[in-house]
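Asks: My questions concern the predicted model and sequence given below.
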Amino acid sequence: MNMFERITFDPGIMGGRACIRGMRIPVSIIVGQIAHGAAVEEVLADYPDLESEDIQQALEYAAWLTQEEVHSE
């Protein structure tokens with residue numbers, strides 16, 4: 001089971017970057033807007049094809065990507 005079912009990767013769409021549900025809306029754009037202070041409602045207004053669940057999953061995916069393992073020597 002794919003834990004990020006709303007995040008898709010298609011070499012024919014945005015060069016295979018992580019996008020929302022096969023649309024040309026990269027996860028990085030959504031996460032970037034939120035990081036710079038945009039409200040979820042603003043992002044949804046900017047991208048009418050998005051759903052609030054898409055934004056939530058984009059943030060969850062970004063958090064998952066940043067999990068770090070620190071190895072002390």
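Replies: Perfect, I can see it now.
Asks: L50: how many residues sit nearby?
Replies: 20 (other CB atoms under 10 Å). Where C-beta positions appear, they are placed from N, C-alpha and C, glycine not excepted.
Asks: quick one, strands of this structure?
Replies: Applying DSSP state E to the chain gives strands spanning 7-8, 19-20.
Asks: G12 and P26, how far apart?
Replies: Per CB to CB, to the nearest Å, G12 is found 14 Å from P26.
Asks: residues contacting the closest residue to I30 other than its chain neighbours?
Replies: Closest residue to I30 apart from its sequence neighbours, by CB to CB, 6 or more residues apart in numbering: A58 at 4.3 Å. A58 sits next to R6, I7, I20, V27, I30, V31 when contact means CB atoms under 8 Å, 6 or more residues apart in numbering.
Asks: among the residues you listed, which two are most distant?
Replies: R6 and V31 (13.3 Å; CB to CB).
Asks: picking up where we left off before, and the contacts of A58, which is closest to W64?
Replies: The closest of these to W64 turns out to be I7 (CB to CB; 9.7 Å).
Asks: bridging residues for that closest one?
Replies: I20 (DSSP bridges).
Asks: pLDDT at it, what is it?
Replies: You'll see I7 listed with a pLDDT of 97.
Asks: Show the contacting residues for it.
Replies: If a contact means CB under 8 Å, 6+ apart, then I7 has A18, C19, I20, V27, Q57, A58, Y61 as its contacts.
Asks: Format these as a markdown table; extra columns: distance to E68.
Replies: Shown next, in a markdown table, are these (distance: CB to CB, whole Å):
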| residue | distance to E68 |
| --- | --- |
| A18 | 19 |
| C19 | 24 |
| I20 | 25 |
| V27 | 19 |
| Q57 | 21 |
| A58 | 20 |
| Y61 | 16 |
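Asks: And the helix ranked longest in the chain, what's buried?
Replies: In the chain, taking DSSP state H as the definition, the longest helix is helix 52-65. By neighbour count on 16 or more other CB atoms under 10 Å, the buried set for helix 52-65 is D54, I55, Q57, A58, L59, Y61, A62.
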